[in-house]
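**Q** this one's sequence-less:
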C-alpha cells in the first residue's frame, strides 16, 4: 500500500475528531486552571461529536434532506445515516448547558476568594 | 513524573481506541436497518423533508423534551449561582467600559436582522438543515450583541420568563394534542400533514420547533445575562 492510498483510507472527519478529543483529554488531565479545564472539555466535546458524525457518513451520499437530488423513493439509496446527526444535535445543546454551568461554578469559586488553580482546593485533582 | 506517565498512558489508550474509527468510520455501504426505516418512512409518516428533524421532533420527541428540560435546569442553575448577592458584591456598582461607536452602530443594524434570521431558521426546521436549537442560538447572539454594545442594560426579565414559559407550555400542549388526536404523545400527525416541501407541512413539527426555538433563545439570553455578573 503506498502513501496516497494510506492517506485516502483515512476518514478526515473521524481523524480530526480523534485529534480534538485527545487534545481535550490532555487538557482536562494536565491543566490546573479551572477555566482552561472548561475550555478543554469543550474541545473534547467537539471531537467526540465529530467522531459520532463520522460513523454515520457514507461516501458519495447526500444529507438526509429530501430535495431534487434525492426524492422520497430514492432516499434509502442516496442518503447518509440520519441517526448520528440527530444524536449529535442533542449532544451539542447539552454540552453548551454543561459548559455554562462549569464556567459559573468556576466564577463562583473565584469570587469566594479561591484561586483559579484546582490544586488549591485540596485533593480534588491528583 | 508518575502523573505524566499515567496521562501519557491514558492518551495512548484512547488513541488506540480511536484508531479503528479513523480508518473504518463511514466505509459502510448501507445505513443500518433503523436508519433505513427512518429514511423510508419519515416522508410517508410525517411529510417532513428533513429526516433529522423528523427523528429529533417526533420519533425521538421524548428525548428532545428531556433535552429542553436539561437546558432549563442549567439556565436555572447558572441564574441562581451568579447573582450579585452570591458573588459577594451586593449593592456595589461594577465599572463597565462603554462600547465603541462601531459596535453600537453595528448592533443597531444587526439586531433586527439576526432575530429575523433566527426565526427563519426555526420555522424552516422541517425543510432545511436548521431547527429550533440553531435558530434559538442565533436569536441569543442578537441579545449578546446588544449586551456588549450597552453593558449597563439588562434583558427584560419578565418578557423572557413569559416567552420561555409560554413556549414550553405550548410544546407540551402540542405533544398532548398528539396524544388525543393522533397515535401518541408528541405525534405531529395531530395537525394536517400537507405536501412535502411546503412551509405549512409535516403536521405539528414546525410549531413544536418554533416553540423550542423561542424557548432556547430565551434561555440562552438568560445565561448570557447571568454571566455578565450584575444580576441582583
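**A** Great, that's in hand. Just so we're clear, the structure is a prediction, and the values are computed from it rather than from any experiment. Residues are numbered from 1 along each chain as shown, chains lettered A, B, ... in the order given.
**Q** Following the chain onward from the lowest-mean-pLDDT helix or strand in chain B, which element is next?
**A** Across the helices and strands of chain B, mean pLDDT, DSSP states H and E gives its lowest value to helix B:33-46, namely a mean of 81. Using DSSP states H and E, the helix or strand that follows helix B:33-46 in sequence is helix B:51-54.
**Q** Give the buried residues for the helix or strand following that following helix.
**A** The first helix or strand that comes after helix B:51-54 along the chain, using DSSP H and E, is helix B:61-81. Using 16 or more other Cβ atoms under 10 Å in any protein chain shown as the test for burial, helix B:61-81 gives B:61, B:64-65, B:67-68, B:71-72, B:74-75, B:77-79, B:81. (Each C-beta comes from the backbone N, C-alpha and C, glycine too.)
**Q** what's next to helix B:61-81, contact-wise?
**A** For helix B:61-81, contacts defined as Cβ atoms under 8 Å, 6 or more residues apart in numbering or on different chains pick out A:90, A:93-94, A:96-98, A:100-101, A:104-105, A:107-108, B:56-57, B:86, B:164, B:168, B:171-172, B:175, B:185-186, B:208, B:212, B:215-216, B:219-220, B:222-223, B:226-227, B:231.
**Q** among those, which ones are buried?
**A** Among the contacts of helix B:61-81, the ones that count as buried (16+ other Cβ under 10 Å) are A:90, A:93, A:96-98, A:100-101, A:104-105, A:107, B:56-57, B:164, B:168, B:171, B:175, B:186, B:208, B:212, B:215-216, B:219-220, B:222-223, B:226-227, B:231.
**Q** Out of the residues you listed, list just those in helices.
**A** A:90, A:93, A:96-98, A:100-101, A:104-105, A:107, B:164, B:168, B:171, B:175, B:208, B:212, B:215-216, B:219-220, B:222-223, B:226-227 (DSSP state H).
**Q** what sits against the residue nearest in space to the middle of chain B?
**A** Nearest to the geometric centre of chain B sits residue B:133, at 2.4 Å (Cα atoms, centre = their mean). Residue B:133 makes contacts with A:89, A:92-93, B:212-213, B:216, as judged by Cβ under 8 Å, 6+ apart.
**Q** Now that we have the residues you listed, can you turn them into JSON lines and tack on pLDDT and distance to residue B:108?
**A** Shown next, in JSON lines, are these (pLDDT from 0 to 100; distance: Cβ to Cβ, whole Å):
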{"residue": "A:89", "pLDDT": "88", "distance to residue B:108": "33"}
{"residue": "A:92", "pLDDT": "89", "distance to residue B:108": "30"}
{"residue": "A:93", "pLDDT": "86", "distance to residue B:108": "30"}
{"residue": "B:212", "pLDDT": "90", "distance to residue B:108": "28"}
{"residue": "B:213", "pLDDT": "90", "distance to residue B:108": "23"}
{"residue": "B:216", "pLDDT": "90", "distance to residue B:108": "24"}
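**Q** Out of those residues, which comes closest to residue B:95?
**A** Checking the contacts of residue B:133 against residue B:95 by Cβ to Cβ gives residue B:216 as the nearest, at 32.1 Å.
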